[in-house]
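J.: Show me the folded form of this:
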Amino acid sequence: MTGQAQDDDRRWLKRFGRRDDPAGTQLLCFHHAGGSAAMFRQWARELPRSVQPIAVQLPGRADRFHEPAHERMDPLVDDLIEVVKPLLDRPFALYGVSMGARVAWALAHALRERAMPRPRMLFVAACAGPELDHAGRDWEGRWDDLEGYLRDLGGTPAEVLNEPELLRVLLPTLRADLTLLSTHDFEPAVPLDLPVHAFAGSADLTATPHRMRAWQSATTGRFDLDIVPGGHFFDLDGEQQVIRTVAQHLA
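T.: Numbering: from 1, shown residues only. Predicted coordinates for the structure are as follows:
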């Protein structure tokens with residue numbers, strides 16, 4: 001691996017100290033809007049050794065805070081293709097939560113279009129099916145703007161929401177992430193042909209179980225939907241159920 005490739009790997013791909021199993025399946029994990037790869041830190045401790053979680057760190061957050069966040073999906077996917085290319089000589093799957101589900105879905109289509117290796121499975125969580133999820137800029141026109149939208153979604157710690165200076169730093173990245181979603185109007189002529197497993201929070205008011213079921217039309221392969229405890233951000237029991245299900249499919 002060249003020096004540049006090593007730098008890209010360290011910036012984009014977080015393994016959280018997990019030892020690799022060359023015979024296992026790699027699981028590329030994509031975080032939600034405004035989030036970071038750290039949300040998958042626990043996964044590295046709880047998945048079996050035969051499943052290697054690799055959390056993708058998008059620009060504009062955490063240790064990549066000084067890099068501009070993407071506001072369009074196509075350039076992001078082009079960058080991701082270059083980053084994950086060295087990994088594709090081994091079996092892999094994709095998991096995305098909220099915005100990450102759309103990123104993972106777009107990446108799966110791009111890999112097929114370029115005749116590159118395809119994932120074993122696509123796991124999606126807390127994101128309505130692509131045919132329904134024409135994300136608008138729901139925060140615009142609100143008196144509390146993006147901050148109120150963030151509060152309504154839940155999942156953001158109170159210590160963040162109650163610190164104006166911290167919010168001022170974090171909101172531009174969240175705004176870029178939501179702009180990426182609202183401008184992505186990709187409508188593939190042919191659906192994917194791989195298994196898709198969706199996870200919906202039982203109390204999610206945005207990606208309801210009904211709206212999550214629309215992922216069924218995104219593939220000609222097998223489709224499954226699990227309803228797990230929690231809202232748009234699953235609670236601990238919900239996340240544990242997701243981890244167990246992913247392990248059962250990939251281990």
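J.: give me phi/psi at residue 34?
T.: For residue 34, the backbone dihedrals (degrees, to the nearest 10) come out as phi 80, psi 0.
J.: what's the answer for residue 224, then?
T.: Dihedral angles for residue 224 - degrees, to the nearest 10 - are phi -140, psi 150.
J.: Give the closest residue to it in space, chain neighbours not counted.
T.: Nearest residue to residue 224, sequence neighbours excluded (Cβ to Cβ, 6 or more residues apart in numbering): residue 197, at 4.8 Å. From N, CA and C alone the C-beta is placed, and that goes for glycine too.
J.: The one you found: what secondary structure?
T.: Secondary structure, DSSP: H, G, I helix; E, B strand; the rest coil: residue 197 is strand.
J.: OK, contacts around it?
T.: 121, 122, 123, 124, 223, 224, 225, 226, 245, 246, 249 (Cβ atoms under 8 Å, 6 or more residues apart in numbering).
J.: doesn't residue 192 make contact with the first one?
T.: The one in question is residue 121. No. The criterion here is Cβ atoms under 8 Å, and residue 121 misses it with residue 192 at 10.3 Å.
J.: if we can go back for a sec, would you mind listing the two of the contacts of residue 197 that lie farthest apart?
T.: 223 and 246 (15.6 Å; Cβ to Cβ).
J.: which one of those two has more residues nearby?
T.: residue 246 (23 against 15; other Cβ atoms under 10 Å).
J.: So the closest residue in space to that one that isn't next to it in sequence versus residue 32, what's the distance?
T.: Once flanking residues are discounted, residue 246 sits nearest to residue 123: 6.0 Å by Cβ to Cβ, 6+ apart. Separation of residue 123 from residue 32 (Cβ to Cβ, to the nearest Å): 14 Å.
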